[in-house]
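K.L.:
model this:
(chains A, B, C and D)
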2 protein chains.
Amino acid sequence: MSASDTTATAERKRGSGVRMVYELLRDQILDLELPPGAIVDEIQLADRFGMSRTPIREALVRLAAEGLIDTLPNRSTMVSQIDFANLHTFFDALTLMYRVTTRLAAEHHQPADLDRIRRLQRAYEDAAQARDEIAMIATNRDFHYAIAEAGRNRYYLSLFGRLLDEGRRILRLYYYSSFEGELPGEYLREHEAIVQAIAARDIEAADRLARAHADQIVRQIGKAITRDRRQDIAI
Amino acid sequence: MSASDTTATAERKRGSGVRMVYELLRDQILDLELPPGAIVDEIQLADRFGMSRTPIREALVRLAAEGLIDTLPNRSTMVSQIDFANLHTFFDALTLMYRVTTRLAAEHHQPADLDRIRRLQRAYEDAAQARDEIAMIATNRDFHYAIAEAGRNRYYLSLFGRLLDEGRRILRLYYYSSFEGELPGEYLREHEAIVQAIAARDIEAADRLARAHADQIVRQIGKAITRDRRQDIAI
DNA sequence: TGTATTTTACTTGTCGACAAGAAATATGCC
DNA sequence: GGCATATTTCTTGTCGACAAGTAAAATACA
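P.N.:
Here you go, the predicted structure:
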């Protein structure tokens, strides 16, 4: 689907094209609109965006540097596969980053940070109420990313950002389908508790809650994957 | 200095140019041969490597994605500054990654990993004996990176890699000058203890030693910076 | 002489075209 | 028909040239 989003030959500011292509492709990849293995054609993209291959290529180089696409030399470039074999390493890193960033947020947050976090928490709540899966995934990501920003450590922030992005793809596959139509009330309550711990500058509570939240997510995805596997065998 | 390394118009394999330029610039930046703030000129590089601007640009896009250079739109691109104001966030992340990767190495290493780690440990020892500062920094980095590889978590590995790279610049400024000609015997002993803990699969010991090692480094750099500052004031 | 404005010089951003490499297709040979 | 080889086709990698934008130099003016 995804109606031919031809922004085509509209007058564009010099230098804005690369960022535009980069962001669009990135979102399409993370929402699985471009599934793992999909081939990405430079000429096709150039036509679609009404620009030459040069800026397209620069966007692709960036995506490749972040591991979102793989380029086979002199051959096609494709959306990178999700590394299911090492999912546990992903969960391990994700859990640690949840904990560290939430701790730091409790320690270093400033008033404006809390406003922003609370606003995103409400956005997630709204998305959940509306049962809008893609919006839920995106706002959940933004909520936790905002917490990490309040922690003010750009190294953790960059790894956490990558993990949350990769998570968007995995969640799109497993997570929300595992709710089976129910609202994730548990998660809303956990988010609320996390925000309160941060506001109270209670570092140990923030750590404990972040860890519990991560464990909960890992458990639920694990459950969904197991069920998925069982169905595979049953067929 | 750095004698005009013109690999120039030698027949090159198609596609190898980008990687070559990328790696060379990266090393020059991390060794401070290209100091923070140095401007990077595309045409100049194109001349120097005997290729057109296109592959040069792709290498620069990658470097920019990793934060090693900053590009001002329509203006020059320069080697990124070292963020001294937030050095503590760097040390915080570095310490955590030392611990986590060393723990995981103790848990998951395989025989070939240990061989590699021991080989790099000896390389560091040799560099220290020869008082070759650049080689010391590089082999120290490789030693810890090899440990992280044995831990088999690509997310930690990528952050740790970035931290060690950034560390190469900082160490080049402060760390080894702080030895004042003495050999870093302490570090050799600590390295040895870490390797033994990994080999024994003693996770807690590995963690404790990695933490102590990180603390030691942080303390020494801190001392060097403080002394540096005092001199600034004295003048 | 000092300031505002135009001009110049230089760097980056984009383009269209061509060359090289790899897979798919066609051809020749048995 | 089956296999090895040549040809075609398609995509990526590289190039040289030009357009756009910025800073510095030169000019005009009070």
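K.L.:
Next up, phi/psi of residue A:153, please.
P.N.:
Residue A:153 adopts backbone torsions of phi -140, psi 110, taken as degrees, to the nearest 10.
K.L.:
Residue A:51 now?
P.N.:
When read as degrees, to the nearest 10, the backbone of residue A:51 gives phi -140, psi 170.
K.L.:
looking at it, it is touching residue A:17, isn't it?
P.N.:
Yes - contact criterion Cβ atoms under 8 Å: residue A:51 and residue A:17 qualify, at 5.3 Å. Bear in mind the C-beta positions are built from the backbone N, C-alpha and C, glycine included.
K.L.:
what's the overlap in contacts for those two?
P.N.:
With Cβ atoms under 8 Å, 6 or more residues apart in numbering or on different chains applied, the contact sets of residue A:51 and residue A:17 do not overlap.
K.L.:
helix, strand or coil for residue A:81?
P.N.:
The three-state label given to residue A:81 by DSSP: H, G, I helix; E, B strand; the rest coil is coil.
K.L.:
my guess is it contacts residue A:37, does it?
P.N.:
Yes - contact criterion Cβ under 8 Å: residue A:81 and residue A:37 qualify, at 6.5 Å.
K.L.:
For the residue nearest the centre of chain A, pull up the helix or strand it's in.
P.N.:
Nearest to the mean C-alpha position of chain A, by Cα atoms, centre = their mean, lies residue A:165 at 2.9 Å. Secondary structure assignment for residue A:165, by DSSP states H and E: helix A:154-170.
K.L.:
Give the buried residues for whichever helix or strand comes after that helix.
P.N.:
Downstream of helix A:154-170, the first helix or strand assigned by DSSP H and E is helix A:185-199. Residues A:187, A:190, A:191, A:193, A:194, A:195, A:197, A:198, A:199 are the ones in helix A:185-199 that count as buried (16 or more other Cβ atoms under 10 Å in any protein chain shown).
K.L.:
ok, these vs DNA strand C, which is closest?
P.N.:
For the buried residues of helix A:185-199, the closest approach to DNA strand C (Cβ to the nearest atom of the strand) belongs to residue A:198, at 38.5 Å.
K.L.:
Would you check that the closest one makes contact with residue A:144?
P.N.:
No - using Cβ under 8 Å, residue A:198 is not in contact with residue A:144; the gap is 11.6 Å.
K.L.:
what packs against the longest helix seen in chain A?
P.N.:
Longest helix of chain A, by residue count under DSSP state H: helix A:203-234. Packing partners of helix A:203-234 (3 or more Cβ pairs under 8 Å, 6 or more residues apart in numbering or on different chains; DSSP states H and E): helix A:87-108, helix A:185-199.
K.L.:
Of the ones you listed, which shows the lowest average pLDDT?
P.N.:
Of all these, mean pLDDT reaches its minimum on helix A:185-199 (a mean of 93).
K.L.:
Any regions of chain A where pLDDT drops low?
P.N.:
Filtered on pLDDT under 70, chain A yields the residue ranges A:1-11, A:175-183, A:229-235.
K.L.:
Give me the domain ranges for it.
P.N.:
Domain assignment for chain A by automatic domain parsing gives A:16-79, A:84-234.
K.L.:
Could you dump those into TSV and include distance to DNA strand C?
P.N.:
Output for the domains of chain A, formatted as TSV (distance: least, Cβ to the nearest atom of the strand, whole Å):
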stretch	distance to DNA strand C
domain A:16-79	3
domain A:84-234	22
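K.L.:
between these, which one is nearest to residue B:66?
P.N.:
Nearest to residue B:66 among those is domain A:16-79 (7.0 Å), distances taken as Cβ to Cβ.
K.L.:
The closest one vs chain B: in contact?
P.N.:
Yes - applying Cβ under 8 Å from any Cβ of the partner chain, one finds that domain A:16-79 is in contact with chain B at A:54, A:57, A:58, A:61, A:62, A:65, A:66, A:73, A:74.
K.L.:
Run the contact check for that domain versus DNA strand D.
P.N.:
Yes - interface with DNA strand D: domain A:16-79 contributes A:40-43, A:53-54, A:57, A:71, A:73-77 (Cβ under 7 Å from any atom of the strand).
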